[in-house]
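S.K.: Sequence below, structure please.
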Amino acid sequence: MMKKASNDNAGLLKEFTAPTKQEWREAAEKLLKGAPFDKLMKRMTPEGILLEPIFWKDVLENLPAANTLPGFDSYLRGTSAAGYSAEPWEIAQELPYGTPIDFNRAATADLMRGQNALNVILDIATLKGLDPDAAHVGEVGACGLSLACLEDIKAAFKDIVPEAVSFHLRTGCSGMAVGSLFFAWLKAIGADPAKVKGSLGMDPIAVKAAAGQAPADLGSLFEEQAVLAEHCTKHAPGVQAVGVSTLPYHQAGASAVEELGIALATGAAYLTELTERGLSVDDAAKQIRFSFAIGGNFFMEIAKLRAARVLWAQVVAAFGGGKEAQKIHMHARTGLYNKTQKDPYVNMLRTTTEALSGVIGGVDSMCVGNFDEVARVPDAFSRRISRNTQVILQEECELTSVVDPAGGSWAIEWLTNEVSEKSWSFFQEIDAQGGMTDALTNGFIAEKLAATDASNHQQLNQRRASLIGTNVYPNLEEKELESRIPDYAELRDQRAKEIADARTATDEDTDVRVMAALEKILESTRENAVETLVDAFIDGATIGEVTRTIRASAEPTEAIKPLPSMRLAQGYESLRAASQKFAEASGTAPKIFLTNLGPLRRHKLRADFTRGFFAAGGFEIISPAGFESPEDAVAALEASGAGITVVCGTDADYEAQFPDFAQAIKQAMPDMQVVLAGFPGDQEEAYRAAGMDDYIFVKSNNYEVNRRYLEGLGVL
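M.R.: Below is the predicted model:
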């Protein structure tokens with residue numbers, strides 16, 4: 001009979017003594033062979049947090065994590081004691097299609113394949129409150145769904161049961177009109193708004209940050225926000241009217257700390273405006289839904305989302321809100337800042353780790369961006385990969401079975417506390433500026449984010465930070481994605497004709513009803529404003545007509561400089577695009593010839609470094625076998641047609657041979673740019689005298705060097 005296995009593992013480590021911190025550090029320093037420990041083993045993040053190389057259990061002694069439980073206290077470990085086991089996060093993928101029919105086709109297909117929430121992004125015209133025939137080309141169907149009337153939303157949501165899925169509409173400044181159109185659809189199909197779940201995401205501060213200007217003054221928009229929030233509180237308690245999106249700040253380069261601080265400041269601003277307009281603190285807080293971008297730093301993003309729960313609870317508590325109102329509602333979507341057009345399939349890997357950050361961080365709903373979203377409109381394959389990333393995390397990874405999987409992790413708990421403290425400090429800095437709107441107007445936010453973005457680009461350009469396929473391991477043989485950019489002129493004409501036909505198809509009685517309904521809007525009160533708008537849409541009014549009516553007395557908003565919307569890879573992508581265009585025109589890519597010295601074992605290391613260094617700019621690298629004589633090297637270089645050569649070898653080879661090779665090259669080809677692979681050190685003056693024009697090494701600015709040489713060859 002087999003003996004029952006013992007669960008007592010205490011004896012397994014009797015022969016090993018647990019090392020102390022000092023012993024571990026001494027062992028690490030020994031392996032570093034004299035290199036500075038703090039410089040090599042510690043790293044400063046864009047958030048200003050100095051990361052230690054290892055964490056010990058005693059960090060928990062000064063942190064609250066050990067004494068908290070999911071669903072209790074500050075909600076550090078989640079707003080629900082059961083976590084995802086009671087209710088998994090919603091799979092809320094965006095469907096960026098311009099026409100109601102195209103949107104419905106994608107929505108009905110994806111809702112049958114794992115998606116369980118509609119995340120509706122709207123086109124520019126709808127967000128501005130314009131009908132398609134009043135909007136410009138590039139505004140209709142651009143970036144989202146075009147909605148103008150009740151028939152549009154009926155077509156977009158055809159065959160979708162309202163009580164079966166959640167609806168999250170990102171309305172920006174058009175919350176009153178679009179939200180009322182949504183409620184008109186519910187009324188038209190006989191659905192009970194009290195049984196519907198979702199959000200309307202009215203977020204005028206984010207709109208002003210991204211666009212520089214809102215379609216009406218903020219005071220009027222805050223009033224619309226309050227009216228919509230009050231209506232949802234009374235008639236649709238499962239729908240949240242107010243959104244706080246951090247995507248514009250993330251795309252401008254914000255760090256996790258800055259993003260969270262801005263989110264808190266925006267949320268606090270909305271709480272102030274809502275309570276001043278009559279809502280209770282509890283009702284106002286429950287009407288706010290946050291939408292965070294998820295960046296590529298896996299642990300930092302987990303810490304950000306966990307910290308958000310704690311800090312938002314503090315904000316609501318400071319306003320006098322109760323424990324239930326202190327629970328944050330969080331959506332997240334994978335960010336765009338680190339996504340690439342080159343080697344786009346790598347984006348699948350980026351969004352996978354980002355999605356895992358979101359799940360471990362504890363979001364309520366999530367959108368995983370399509371791998372090709374920065375290049376084209378997605379197809380069924382793109383959507384399937386993104387959607388199934390979440391399905392796999394739920395169904396195969398079984399992450400819904402673990403409550404707060406990060407809880408108790410020494411490193412993550414420490415990092416969460418660091419993010420909390422620094423985000424709260426940044427929130428206080430914004431408050432000292434007069435609050436979020438003033439901090440945007442006076443340029444404080446823009447200045448802070450620009451500094452972070454510049455630092456991020458410096459790290460990227462010097463290759464201290466990596467974007468695979470962009471500044472490291474570029475694939476110059478990759479096949480470009482097939483373009484799928486809509487014809488926005490045709491799309492605008494199509495939608496303009498549809499709304500014009502809808503108007504002309506109405507009879508005189510309908511026109512009279514619409515006019516009467518619009519007049520009732522002007523006579524409505526806060527208590528019945530949304531119901532009046534609902535009736536107007538049912539009578540045949542359009543988004544444009546309703547918006548003009550409710551903003552008849554609104555003042556134009558003060559314009560500010562919009563925050564830039566950027567991606568880290570754009571500079572490198574411009575270099576690659578220029579090289580590709582040059583190749584198409586000339587028949588060959590810009591060339592760099594490697595003057596390799598001696599046998600392969602002596603030049604390979606620096607030849608490989610050089611190949612990767614210049615491939616980031618789209619250069620064709622010619623790397624022949626090593627040369628033993630300057631004459632052979634000159635002959636091969638002349639035959640190559642290259643305008644730049646990089647000499648590759650060991651330091652010893654350079655001292656012995658570089659002057660002879662450089663002089664021979666310059667004598668035969670005076671205009672040839674001679675570059676040394678490696679740092680010349682004390683030999684720089686001698687090498688320059690011999691003909692060296694430049695050198696590259698690990699600390700060189702990769703982007704600037706590539707750009708400079710492309711300009712020198714006439715590629716840029």
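S.K.: what about the chain, any weak spots by pLDDT?
M.R.: Across the chain, the stretches falling below the confidence threshold (pLDDT under 70) are 1-14, 506-508.
S.K.: and with 50 instead?
M.R.: Counting by pLDDT under 50, the low-confidence segments of the chain come to 1-5.
S.K.: Now for residue 48, how many residues are close by?
M.R.: 14 (other C-beta atoms under 10 Å). The C-beta positions use only the backbone N, C-alpha and C, and glycine is treated the same way.
S.K.: Over to residue 24?
M.R.: By other C-beta under 10 Å, 14 other residues sit near residue 24.
S.K.: correct me, but it touches residue 52?
M.R.: No - the criterion here is C-beta atoms under 8 Å, and residue 24 misses it with residue 52 at 11.4 Å.
S.K.: which non-adjacent residue is nearest residue 243?
M.R.: Once flanking residues are discounted, residue 243 sits nearest to residue 201: 3.2 Å by C-beta to C-beta, 6 or more residues apart in numbering.
S.K.: Quick one: residues contacting the one you found.
M.R.: 168, 169, 170, 171, 172, 175, 242, 243, 245, 289, 291 (C-beta atoms under 8 Å, 6 or more residues apart in numbering).
S.K.: now those in a markdown table, with secondary structure?
M.R.: Shown next, in a markdown table, are these (DSSP: H, G, I helix; E, B strand; the rest coil):
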| residue | secondary structure |
| --- | --- |
| 168 | strand |
| 169 | strand |
| 170 | strand |
| 171 | coil |
| 172 | strand |
| 175 | helix |
| 242 | strand |
| 243 | strand |
| 245 | strand |
| 289 | strand |
| 291 | strand |
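S.K.: Make a markdown table out of the residues you listed and add neighbour count.
M.R.: Converted to a markdown table, the contacts of residue 201 look like this (neighbours: other C-beta atoms under 10 Å):
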| residue | neighbour count |
| --- | --- |
| 168 | 26 |
| 169 | 28 |
| 170 | 26 |
| 171 | 27 |
| 172 | 28 |
| 175 | 27 |
| 242 | 30 |
| 243 | 29 |
| 245 | 25 |
| 289 | 25 |
| 291 | 25 |
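S.K.: so which of those residues comes closest to residue 400?
M.R.: Minimum distance to residue 400 across the contacts of residue 201 is 20.2 Å, recorded for residue 168 (C-beta to C-beta).
S.K.: sorry, back to before: hang on, the residue nearest to residue 243 is in a helix, isn't it?
M.R.: No - counting by three-state DSSP, residue 201 is not found in a helix; it is strand.
S.K.: Quick check: the gap between it and residue 343.
M.R.: Distance from residue 201 to residue 343, counting by C-beta to C-beta, to the nearest Å: 33 Å.
S.K.: For burial, what's the neighbour tally of the nearest residue to residue 131 once chain neighbours are set aside?
M.R.: Distances taken as C-beta to C-beta, 6+ apart place residue 544 nearest to residue 131, at 3.5 Å, with adjacent residues excluded. Residue 544 has 22 neighbours, counted by other C-beta under 10 Å.
S.K.: and residue 544, that one's in a strand?
M.R.: No - membership of residue 544 in a strand is not supported by three-state DSSP, which gives helix.
S.K.: Correct me if wrong: it contacts residue 148.
M.R.: Yes - between residue 544 and residue 148 there is a contact at 7.0 Å, judged by C-beta under 8 Å.
S.K.: Can you check which residues contact both of the two?
M.R.: Joint contacts of residue 544 and residue 148 (C-beta under 8 Å, 6+ apart) are residue 131.
S.K.: about what we covered before: distance of the residue nearest to residue 131 relative to residue 593?
M.R.: 62 Å.
S.K.: Kindly report the same for residue 660.
M.R.: Distance of residue 660 to residue 593, computed by C-beta to C-beta: 17 Å.
S.K.: Settle it for me: which of the two has more neighbours?
M.R.: For residue 660 versus residue 593, neighbours defined as other C-beta under 10 Å are more numerous around residue 593 (25 against 13).
S.K.: Spatially, which residue comes closest to that one, not counting chain neighbours?
M.R.: Using C-beta to C-beta, 6+ apart, the closest residue to residue 593 is residue 642 (3.9 Å).
S.K.: Now for that neighbour: which residues touch it?
M.R.: Residues in contact with residue 642, defined by C-beta under 8 Å, 6+ apart, are 591, 592, 593, 622.
S.K.: that older thread, residues in contact with the residue nearest to residue 131?
M.R.: Applying C-beta under 8 Å, 6+ apart, the residues near residue 544 are 129, 130, 131, 134, 148.
S.K.: Narrow those residues to those in strands?
M.R.: Judged by DSSP state E, strands contain none of the contacts of residue 544.
S.K.: which one of those residues has the most neighbours?
M.R.: Most surrounded of these: other C-beta under 10 Å gives residue 148, at 27 neighbours.
S.K.: My guess is that residue contacts residue 499. True?
M.R.: Yes - under the criterion of C-beta under 8 Å, residue 148 makes contact with residue 499 at 5.0 Å.
S.K.: Give me the common contacts of the two.
M.R.: By C-beta under 8 Å, 6+ apart, the residues touching both residue 148 and residue 499 are 131, 132, 542.
S.K.: From residue 549, how far out is the nearest residue to the second one once chain neighbours are set aside?
M.R.: Ranked by C-beta to C-beta, 6+ apart and with sequence neighbours excluded, the top spatial neighbour of residue 132 is residue 495, at 3.7 Å. In this structure, residue 495 and residue 549 are 21 Å apart, going by C-beta to C-beta.
S.K.: Could you check which of those two has the larger neighbour count?
M.R.: Neighbour count, other C-beta under 10 Å: between residue 495 and residue 549, residue 495 has more, with 25 against 20.
S.K.: How about the contacts made by the more buried one?
M.R.: Contact analysis of residue 495 by C-beta under 8 Å, 6+ apart lists 98, 99, 132, 133, 140, 141, 146, 148.
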